[in-house]
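> missing the sequence, but the structure's below:
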Ligand SMILES: Nc1ncnc2c1ncn2[C@@H]1O[C@H](COP(=O)(O)OP(=O)(O)OP(=O)(O)O)[C@@H](O)[C@H]1O
């Protein structure tokens, strides 16, 4: 169970990015986080992960998240990642094993097997020795998901994973996330394509600095909440609501 209690973030004295966000996630789910540009979606993930300073607390199974950060795997927005870094696909995936390695342990056979299995799951086992700079955007996103898989975390945070990727990669990722949920994981996804919301997410968080709504997608994904977050002109699945 994850409980966020009154999370607030102010990057500067004058601009508040998030205001008293509270919610509880109590069962495995795929949860979408939507809201307009600058709504604080990325900031919320970073506050939970203790990457940005904040007020409020997050508990995982009753304990402060600081003690359980290993339970969360995180893929940041693509813009924050250096594609030109000279490592292979396999090495990139193996980075996900580091949080679980002891201080003196190195990556060994077990970790390499985990990486191979994860790459197979995302359909990229043949590309293990390729440099990450030679991948398509969609392949790279799948590599980052494979890196999450080897971390074997209970929670997976993905920040805009589908931006600029091909339809095949998107569907491979989504199918895998559904399997992970069935295996008991909880996945939080910052997302901007409102057309896919109903297909992708069991639960939905609508954010605009404050929490506009959080609950089952069927109950939350409605005109009233979208207008509260985005204003009067919003675009859903090709139709203006
Ligand atoms: N490091 C930072 N320093 C100062 N202000 C920041 C920083 N990061 C984000 N902000 C500001 O905080 C607010 C929320 O940003 P955030 O990136 O969390 O929004 P978002 O909902 O993820 O937006 P987008 O959909 O555009 O990615 C914005 O006004 C942004 O300019």
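Yes, it's here. This structure is a prediction, so every number in the text was calculated from the model and none was measured. Residues are numbered from 1 along each chain as shown.
> what pairs with residue 187 across the strands?
residue 30, residue 156 (DSSP bridges).
> separation between it and residue 111?
23 Å (Cβ to Cβ, to the nearest Å). Glycine gets a C-beta too; all of them are placed from N, C-alpha and C.
> compare these two (neighbour count), which wins?
residue 187 (24 against 19; other Cβ atoms under 10 Å).
> verify the contact between the more buried one and residue 177 for me.
Yes - taking Cβ atoms under 8 Å as the definition, residue 187 is a contact partner of residue 177 at 5.3 Å.
> return every residue with contacts to both of the two.
30, 156 (Cβ atoms under 8 Å, 6 or more residues apart in numbering).
> in terms of helices and strands, where is residue 149?
helix 137-151 (DSSP states H and E).
> actually, residue 92.
Counting by DSSP H and E, residue 92 is part of helix 89-94.
> that helix packs against which elements?
Secondary-structure packing of helix 89-94 (3 or more Cβ pairs under 8 Å, 6 or more residues apart in numbering; DSSP states H and E): helix 109-121, helix 137-151.
> which strands and helices sit next to the last one?
I take that to be helix 137-151. strand 72-75, helix 89-94, helix 109-121, strand 155-159, helix 167-182.
> got a list of contacts for the shortest one?
When contacts are defined by Cβ under 8 Å, 6+ apart, strand 72-75 is touched by residues 45, 48-49, 60, 65, 96, 141, 144-145, 147-149, 151, 153-159, 161.
> what strands flank that strand, and is each parallel or antiparallel?
strand 155-159 (parallel).
> is the partner strand up against the ligand anywhere?
No - against the ligand, strand 155-159 shows no contacts by Cβ under 6 Å from any ligand atom, the least distance being 7.4 Å.
> need the contact list for the most centrally placed residue in the chain.
By Cα atoms, centre = their mean, the chain has its centre lying nearest to residue 158, at 1.6 Å. Contacts for residue 158 (Cβ under 8 Å, 6+ apart) come out as 74-75, 145, 148, 187-190.
> let me know the helix or strand that the residue nearest to residue 64 when sequence neighbours are not counted is in.
Leaving aside its chain neighbours, residue 64 sits nearest to residue 57 (6.6 Å; criterion: Cβ to Cβ, 6 or more residues apart in numbering). Take DSSP H and E as the rule and residue 57 turns out to sit in strand 55-60.
> what's the next secondary structure element after that strand?
strand 63-64.
> name the residues that touch that next one?
57-58.
> strand partners of it, parallel vs antiparallel please.
Short version: by DSSP bridges, strand 63-64 pairs with strand 55-60 (antiparallel).
> and the partner strand, how far out from the chain's middle?
18 Å (Cα atoms, centre = their mean, to the nearest Å).
> what's the answer for stretch 206-219, then?
Worked out by Cα atoms, centre = their mean, stretch 206-219 lies 17 Å from the chain centre.
> end to end on it, go ahead and measure it.
12 Å (Cα to Cα, to the nearest Å).
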